[in-house]
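> could you look at this predicted model? Sequence included:
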Amino acid sequence: MKAALAVTGMHCSSCSALIEETLVGSSAVESATVDLEGARAEVIYDPAALRLDELCAVVASLGYAASPTGDFAGSGDSPV
């Protein structure tokens, strides 16, 4: 499933890289792309292993805030 998250608190490319690397480090995440300028993340993950709120919690554990944007949330057939 693909999810789009609004991410706040990022100030530089190191911030976005840290979030991306941490998300991808989860076994339930297939891929993640974090856009610093757009203040968002796009994540492809296994919803059977990880809930959307848990994705947001991963970002929050790093000191940033994340919330679903609704762009892809809940749509299992979204384009990749």
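That came through fine.

> those strands in this structure, which residues are they?
2-8, 29-35, 40-45, 65-68 (DSSP state E).

> how about TSV for the ones you listed, with distance to Ala57 added?
All C-beta spots, glycine's among them, are computed from the backbone N, C-alpha and C. Below are the strands of the chain laid out as TSV (distance: least, CB to CB, whole Å):
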stretch	distance to Ala57
strand 2-8	11
strand 29-35	13
strand 40-45	13
strand 65-68	8
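
> give me whichever of the ones you listed is most buried.
With neighbours defined as mean count of other CB atoms under 10 Å, the strands of the chain peak in mean count at strand 40-45, which reaches a mean of 21.

> adding distance to Arg51 and mean pLDDT, write the strands of the chain out as a markdown table.
Converted to a markdown table, the strands of the chain look like this (distance: least, CB to CB, whole Å; pLDDT from 0 to 100):
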| stretch | distance to Arg51 | mean pLDDT |
| --- | --- | --- |
| strand 2-8 | 10 | 97 |
| strand 29-35 | 12 | 98 |
| strand 40-45 | 9 | 97 |
| strand 65-68 | 11 | 97 |
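
> if anything else comes up later, I'll come back, but that's it for now.
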